[in-house]
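Colleague: after the sequence you'll find the predicted model.
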Protein chains: 2
Amino acid sequence: MAKRIYDNSGRKAEAENTRSQLIAAARKILSERGHRTPFSMDAVAKKAGVARATVYLQFESRGSLLEAVFDTIANEGGLGVLPEAFTEPDPVEALKKFTSVFVRFWIAQREVWPRLSRELADDEAGARLTARSERRRRGITVIVGRLAQKLTLDRADDLIDALHGMTSYEFIGQLIATERSEAEVEALMLELVEAVIRSLCFAKSKPLRNDEDSPVLANPRRKK
Amino acid sequence: MAKRIYDNSGRKAEAENTRSQLIAAARKILSERGHRTPFSMDAVAKKAGVARATVYLQFESRGSLLEAVFDTIANEGGLGVLPEAFTEPDPVEALKKFTSVFVRFWIAQREVWPRLSRELADDEAGARLTARSERRRRGITVIVGRLAQKLTLDRADDLIDALHGMTSYEFIGQLIATERSEAEVEALMLELVEAVIRSLCFAKSKPLRNDEDSPVLANPRRKK
């Protein structure tokens, strides 16, 4: 129990504490193997050992509780360092930093994300989920904008969508699911992202199709 | 009503017809915007205007009905031509054909897949969904195996996982969601896939990793 003092900071701390407990309980449910417990305010109350009303006092809806879980894990997963990617002067390096941040983020989310994303998708037609995903896309768009000299507008759209797909959990999760270490996942992702950036930036038209006898042996980075 | 003849083909045709109606009703529910109707055997019966028992006569479980929806759309989406990719002698071309087939498949699935995949994921801990996804991975593994001379074993794993991620709905869906035509989505995907194959086939070691000082980036798989 938090000690009460003159001001209400004790009460605030207690509320914060309750909130954390509820988020932790929600995470536990979402991380369960086999997904047996339906996710509801009731289930979270029961898991945390509090009254149902307590949950509603802290979170106005199931959706806002899910969002709080997302944000908690986002903080733990280091999404807070994302601004560093934007201050990197070289846009290719900036996109790579952006990618690294999301690799670590999704690795941190991996226990909870598959179910959390489904719950968010079912909630209010997925508005909260779409909003988060669009935020990531906007970040990519800003950095790709700085590559403008090297890209036509069509190609910029292609690159934005490709990187948005590649920095999603669904893509990175495929690499996490195997026996790679975090460092290996990150190194591979940086390599893939760089390959895609180079391909789209240096492509004069949309090339690389049935071009040489042995497509594998041709060197796409060859200039002139 | 199907006409009865001497043998039971009329009855069979009727059963087939009922089955198709139920699958169509299930698709309608899964394609609804906003996802208001919970997906259940009851809801499908109601949508198709038949008794609940009729649904259970055709499908032993909710999961097998979902699977039937998947298979119906798979046929419509042209997954039947997948064997052609495997008979293509050049492995890079084979991987590109494989990619093309899945681009068309996911485009065909796009109305129903987001919700269908969530329902499948919630069903029996996602076993059916995982099985389908693993089938795609095995296809990629077979073709990548033919690139073996150009790849170390680690790199083959990297390529398999990267292509598995890139041929998923979650990745291709990012490209579909915008205003690209089907042909443009396909052309872009072939370009991205080729960029990734080239990058991984050409890399002598894992590059971009010049990072020995960073503990996070140390490579634990490194032998000796």
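Modeller: Done, it's in.
Colleague: show me how far the helix or strand of chain A with the lowest mean pLDDT is from its chain's centre.
Modeller: Ranking every helix and strand in chain A by mean pLDDT, DSSP states H and E puts helix A:113-122 at the bottom, with a mean of 84. The chain centre lies 13 Å from the centre of helix A:113-122; the measure is CA atoms, centre = their mean, to the nearest Å.
Colleague: other residues contacting it?
Modeller: Helix A:113-122 is contacted by residues A:30-32, A:35, A:39, A:62-63, A:66-67, A:69-70, A:73, A:106, A:109, A:126, A:128-129, A:169, A:173, B:35, B:114, B:118, B:121-122 when judged by CB atoms under 8 Å, 6 or more residues apart in numbering or on different chains. The way it works is simple: take the backbone N, C-alpha and C, and place the C-beta from them, glycine included.
Colleague: what do you get if the cut-off is 6 Å, keeping everything else the same?
Modeller: Helix A:113-122 is touched from outside by A:Leu30, A:His35, A:Phe39, A:Leu66, A:Arg128, A:Leu129, A:Tyr169, B:Arg118, with contacts defined as CB atoms under 6 Å, 6 or more residues apart in numbering or on different chains.
Colleague: and the furthest pair within those residues?
Modeller: A:His35 and A:Arg128 (19.7 Å; CB to CB).
Colleague: is A:Leu175 within a helix or a strand, and which one?
Modeller: helix A:169-176 (DSSP states H and E).
Colleague: the least confident helix or strand of chain A to helix B:169-176, inter-axis angle?
Modeller: Orientation note: helix A:113-122 sits at an angle of 40 degrees relative to helix B:169-176 (axes from the mean of the first three to the mean of the last three CA atoms, to 10 degrees).
Colleague: buried residues, helix A:113-122. List them.
Modeller: Using 16 or more other CB atoms under 10 Å in any protein chain shown as the test for burial, helix A:113-122 gives A:Trp113, A:Pro114, A:Arg115, A:Leu116, A:Ser117, A:Arg118, A:Glu119, A:Leu120, A:Ala121, A:Asp122.
Colleague: again, but for stretch A:63-72
Modeller: Buried, per 16+ other CB under 10 Å, within stretch A:63-72: A:Gly63, A:Leu65, A:Leu66, A:Glu67, A:Ala68, A:Val69, A:Phe70, A:Thr72.
Colleague: dump the buried residues of helix A:113-122 to a markdown table, plus distance to B:Lys12.
Modeller: As requested, those are arranged in a markdown table below (distance: CB to CB, whole Å):
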| residue | distance to B:Lys12 |
| --- | --- |
| A:Trp113 | 45 |
| A:Pro114 | 40 |
| A:Arg115 | 41 |
| A:Leu116 | 45 |
| A:Ser117 | 42 |
| A:Arg118 | 38 |
| A:Glu119 | 42 |
| A:Leu120 | 44 |
| A:Ala121 | 39 |
| A:Asp122 | 38 |
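Colleague: can you flag which of the contacts of helix A:113-122 belong to strands?
Modeller: Counting by DSSP state E, no part of the contacts of helix A:113-122 is found in strands.
Colleague: redo those as CSV? Include distance to B:Ala148.
Modeller: Below are the contacts of helix A:113-122 laid out as CSV (distance: CB to CB, whole Å):
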residue, distance to B:Ala148
A:Leu30, 40
A:His35, 38
A:Phe39, 45
A:Leu66, 45
A:Arg128, 45
A:Leu129, 40
A:Tyr169, 30
B:Arg118, 37
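Colleague: nearest to A:Gly78, of those?
Modeller: A:Gly78 lies nearest to A:Tyr169 out of the contacts of helix A:113-122, by CB to CB, at 14.9 Å.
Colleague: CA atoms of stretch A:73-86 as CSV?
Modeller: In CSV, the C-alpha atoms belonging to stretch A:73-86 read as follows (Å, rounded to 0.1, in the frame of the first residue of the first chain):
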residue,chain,number,x,y,z
ILE,A,73,5.4,-2.2,-24.6
ALA,A,74,6.3,0.5,-27.0
ASN,A,75,8.2,2.3,-24.3
GLU,A,76,9.9,-0.9,-23.1
GLY,A,77,10.7,-1.7,-26.7
GLY,A,78,12.6,1.5,-27.2
LEU,A,79,10.3,3.3,-29.6
GLY,A,80,11.3,6.4,-27.6
VAL,A,81,14.6,6.6,-29.5
LEU,A,82,12.9,6.9,-32.8
PRO,A,83,13.6,10.6,-33.1
GLU,A,84,17.3,9.7,-33.4
ALA,A,85,16.5,8.2,-36.8
PHE,A,86,15.1,11.5,-38.0
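Colleague: got any ranges where chain A has weak pLDDT?
Modeller: For chain A, the stretches flagged by pLDDT under 70 are A:1-9, A:34-35, A:125, A:203-224.
Colleague: remind me what the longest helix belonging to it packs against, helices and strands.
Modeller: Scanning chain A for the longest helix, with DSSP state H as the assignment, gives helix A:9-31. Secondary-structure packing of helix A:9-31 (3 or more CB pairs under 6 Å, 6 or more residues apart in numbering or on different chains; DSSP states H and E): helix A:41-48, helix A:52-58, helix A:62-76.
Colleague: neighbouring contacts of the shortest one?
Modeller: So that's helix A:52-58. A:Arg19, A:Leu22, A:Met41, A:Asp42, A:Val44, A:Ala45.
Colleague: list the buried residues in it.
Modeller: A:Thr54, A:Val55, A:Gln58.
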